[in-house]
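Student: I'd like to go over a predicted model; first the sequence, then the structure.
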Protein chains: 2
Amino acid sequence: MIDIIHRIGIKSPVAQVYKALTTIEGLAHWWTEEVQGNDKIGGKIVFSFRSPTGELKGQMVMEMQGLNDLKNVRWRCVDGPVEWIGTDITFELSEQDHQTIILFGHRNWREAVEMTSHCSMKWAVFLLSLREYVETGKGRPSPYDLKIDNWN
Amino acid sequence: MIDIIHRIGIKSPVAQVYKALTTIEGLAHWWTEEVQGNDKIGGKIVFSFRSPTGELKGQMVMEMQGLNDLKNVRWRCVDGPVEWIGTDITFELSEQDHQTIILFGHRNWREAVEMTSHCSMKWAVFLLSLREYVETGKGRPSPYDLKIDNWN
């Protein structure tokens, strides 16, 4: 199995980062502004991505599987691009040197395809957006996200 | 074996990107400003990373193994952090939609450790620096690079 993994530090208490990762309102500020669903454990959240002109580009449905201990957040992708279905998104949080350190994973890809490379780069950009949101109040959720290549 | 992989598009001809990846002068504009050695195939290049106050933080020695066809660049890490020695850095270049697309790889890690996560995020930031350099003439090489966590 193939995993995308990243590490980022955010100058903020763990609880603030956890909130940005586990509430509809928080998620809408850094990943995509179009987020709907139930953010409780076991609930499903639909993330929709549109072009700046409003055209629907992609949609992912995640089942919230995180443990409510402020340290582990886990989503299972249950619908979306075929390469994503059945993969897991994980965030492990800890405090070090007055930062919240996130160990991020997008795990269990069946193979490393060109879209995996694209998503790895794109996750890095969205983690920077998450940091900006938590530290300053303003992130860059889709459709205001930094475009990285000819796929978006 | 574990691979870090990313995909980025640069609005510039392949030859310009190739030059930024294969010459001492080009490399000094986006990865680290302290680059010394022989940039010919088979040559070795030493990349030094310092803190903003000048303290040496790390040093990597890469053997240039790229094929001189403007499409493939490959470095073998022959000295540096123990986790890096024997790993390969690869850049595959192609033209799509008036962009040079880079498929980047930092390949053949023996295991996925926390430093792998750190380096994956850091490579994403340096690829954005590479793009900025090629498109605008000014990148963010170390020590002016965007810091991503408590490790740098």
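Tutor: In hand now; what should we look at?
Student: anything in the longest strand along chain A near chain B?
Tutor: Of all the segments assigned as strand in chain A under DSSP state E, the longest by residue count is strand A:99-109. Yes: figure legend: strand A:99-109 in contact with chain B (C-beta under 8 Å from any C-beta of the partner chain); contacting residues A:99, A:101, A:103, A:104. The way it works is simple: take the backbone N, C-alpha and C, and place the C-beta from them, glycine included.
Student: just the residues contacting that strand, thanks.
Tutor: Contacts of strand A:99-109 with the rest of the structure, by C-beta atoms under 8 Å, 6 or more residues apart in numbering or on different chains, involve A:1-14, A:16-17, A:83, A:86-95, A:116, A:119-120, A:123, A:127, A:130, B:114, B:117, B:149-150.
Student: run the angle between the helix or strand following that strand and strand A:99-109 for me.
Tutor: In the C-terminal direction, the helix or strand that comes right after strand A:99-109 (DSSP states H and E) is helix A:114-136. In terms of direction (axes from the mean of the first three to the mean of the last three C-alpha atoms, to 10 degrees), helix A:114-136 departs from strand A:99-109 by 160 degrees.
Student: please state the offset of helix A:114-136 from the chain centre?
Tutor: Its chain's C-alpha centre lies 8 Å from the corresponding centre of helix A:114-136 when counted by C-alpha atoms, centre = their mean, to the nearest Å.
Student: and chain A, which of its residues are near chain B?
Tutor: For chain A, the residues in contact with chain B (C-beta under 8 Å from any C-beta) are A:3-9, A:96-97, A:99, A:101, A:103-104, A:112, A:114, A:116-118, A:120-121, A:124-125, A:127-128, A:146, A:148-151.
Student: again, only using 7 Å
Tutor: A:3, A:5-9, A:96-97, A:99, A:101, A:103, A:112, A:114, A:116-118, A:120-121, A:124, A:127, A:148-150 (C-beta under 7 Å from any C-beta of the partner chain).
Student: list only buried entries from the contacts of strand A:99-109.
Tutor: Neighbour counting by 16 or more other C-beta atoms under 10 Å in any protein chain shown classes A:2-10, A:12, A:14, A:17, A:87-93, A:116, A:119-120, A:123, A:127, A:130, B:117, B:149 among the contacts of strand A:99-109 as buried.
Student: separation between residue A:84 and residue A:62?
Tutor: As judged by C-beta to C-beta, to the nearest Å, residue A:84 and residue A:62 stand 9 Å apart.
Student: need the residues touching each of these two.
Tutor: Residues touching both residue A:84 and residue A:62 by C-beta atoms under 7 Å, 6 or more residues apart in numbering or on different chains: residue A:77.
Student: compare these two (neighbour count), which wins?
Tutor: Taking residue A:84 and residue A:62 together and counting by other C-beta atoms under 10 Å in any protein chain shown, residue A:62 has the greater number of neighbours (24 against 19).
Student: in stretch A:38-47, what counts as buried?
Tutor: The neighbour-count check on stretch A:38-47 (16+ other C-beta under 10 Å) flags A:39, A:44, A:45, A:47 as buried.
Student: ok, now stretch A:56-68?
Tutor: Neighbour-count burial for stretch A:56-68, with 16+ other C-beta under 10 Å as criterion, is recorded at A:60, A:61, A:62, A:63, A:64, A:65, A:66.
Student: just confirm the second one is within a strand.
Tutor: So that's residue A:61. Yes: secondary structure assignment places residue A:61 in a strand (DSSP: H, G, I helix; E, B strand; the rest coil).
Student: what's the separation between it and residue A:44?
Tutor: If you measure residue A:61 against residue A:44 using C-beta to C-beta, the figure is 6 Å.
Student: which residues are in contact with both of these two?
Tutor: With C-beta under 7 Å, 6+ apart applied, the overlap between the contact sets of residue A:61 and residue A:44 consists of residue A:78.
Student: which parts of chain A are helices?
Tutor: A:14-22, A:24-27, A:114-136 (DSSP state H).
Student: look up how far chain B lies from the most centrally placed residue in chain A.
Tutor: The structure's chain A has its C-alpha centroid closest to residue A:31; by C-alpha atoms, centre = their mean the separation is 5.9 Å. In this view, residue A:31 and chain B are 16 Å apart by C-beta to the nearest C-beta, to the nearest Å.
Student: repeat for residue A:110
Tutor: From residue A:110 across to chain B, the span is 15 Å (C-beta to the nearest C-beta).
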